[in-house]
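S.K.: turn this into a model:
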Amino acid sequence: MQLDEKILKELEVLMKEYGDEEIREMLKKRNLYNPDVAQMAVAEALQRGIIHSEQDLVAREYRIQKLRFRLFPDIENEEIKERLIRSLSRGVLLTGVFPVIYGFLKIAENKWPEALLLIIPGAIWIVSMGLLMHKYNRKLISIILGMAGMSAFYVVNLLLHVKPLQFMDLFVAVVVYGIIFYSLLYIRSLCNHKNPE
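M.R.: Residues are numbered from 1 along each chain as shown. Predicted coordinates for the structure are as follows:
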């Protein structure tokens with residue numbers, strides 16, 4: 001796709017403001033950019049002396065890497081990474097409301113032991129996810145994953161006693177736990193790529 005002259009001029013001015021490291025990153029990922037923008041980055045790198053000729057682009061440092069499918073894509077921009085961690089944490093935090101509500105329903109049925117078994121872990125889950133949103137702690141993620149495993153066991157046990165078991169009950173449980181486990185494992189993956197605390 002051809003970019004019009006005005007946009008190219010604006011991009012050229014903008015590129016002058018980029019630091020050398022940003023230009024290097026553009027060279028490494030030049031296959032992801034519009035060909036005109038990629039060529040502009042090469043010209044800027046030549047002008048700054050980052051590379052001495054287009055032949056330098058064959059060097060290992062600037063070799064184009066093919067895009068690969070990754071289950072947990074890495075995010076390079078730290079601000080975006082932190083926003084994503086907070087967003088995933090918020091979604092998982094909300095799932096902690098369900099056992100708390102279910103626990104209060106058990107109180108109404110006068111089933112106190114089961115009610116406490118739901119309310120206390122649900123509250124711990126909510127607090128833990130709230131903490132995770134503000135401080136990225138790998139140990140906390142492991143604890144939450146353990147709690148998610150225990151709650152999955154509880155739900156499976158609950159579903160085994162439902163007669164007759166409806167497909168939608170099973171489907172909803174699988175989807176919800178799939179999202180929870182994926183989100184938690186993705187948060188852990190993102191935290192593993194952060195600087196150690």
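S.K.: which strands and helices sit next to the longest helix along the chain?
M.R.: Identified as the longest helix of the chain according to DSSP state H is helix 167-192. Secondary-structure packing of helix 167-192 (3 or more C-beta pairs under 8 Å, 6 or more residues apart in numbering; DSSP states H and E): helix 78-95, helix 138-160. In short, each C-beta sits where N, CA and C put it, glycine included.
S.K.: buried residues of the very next helix or strand once past the shortest one, list them for me.
M.R.: Put plainly, it is helix 78-95. Per DSSP states H and E, helix 78-95 leads on to helix 97-108 as the next helix or strand towards the C-terminus. Across helix 97-108, burial judged by 16 or more other C-beta atoms under 10 Å covers 99-100, 103, 106.
S.K.: could you dump helix 97-108 to CSV, C-alpha only?
M.R.: Provided in CSV are the C-alpha atoms of helix 97-108 (Å, rounded to 0.1, in the frame of the first residue of the first chain):
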residue,chain,number,x,y,z
VAL,A,97,-17.0,-12.5,43.2
PHE,A,98,-18.9,-15.7,42.2
PRO,A,99,-17.8,-18.0,45.0
VAL,A,100,-18.4,-15.2,47.5
ILE,A,101,-22.0,-14.7,46.2
TYR,A,102,-22.5,-18.5,46.1
GLY,A,103,-21.2,-18.7,49.7
PHE,A,104,-23.8,-16.2,50.9
LEU,A,105,-26.5,-18.3,49.2
LYS,A,106,-25.2,-21.3,51.2
ILE,A,107,-25.6,-19.2,54.4
ALA,A,108,-29.2,-18.6,53.4
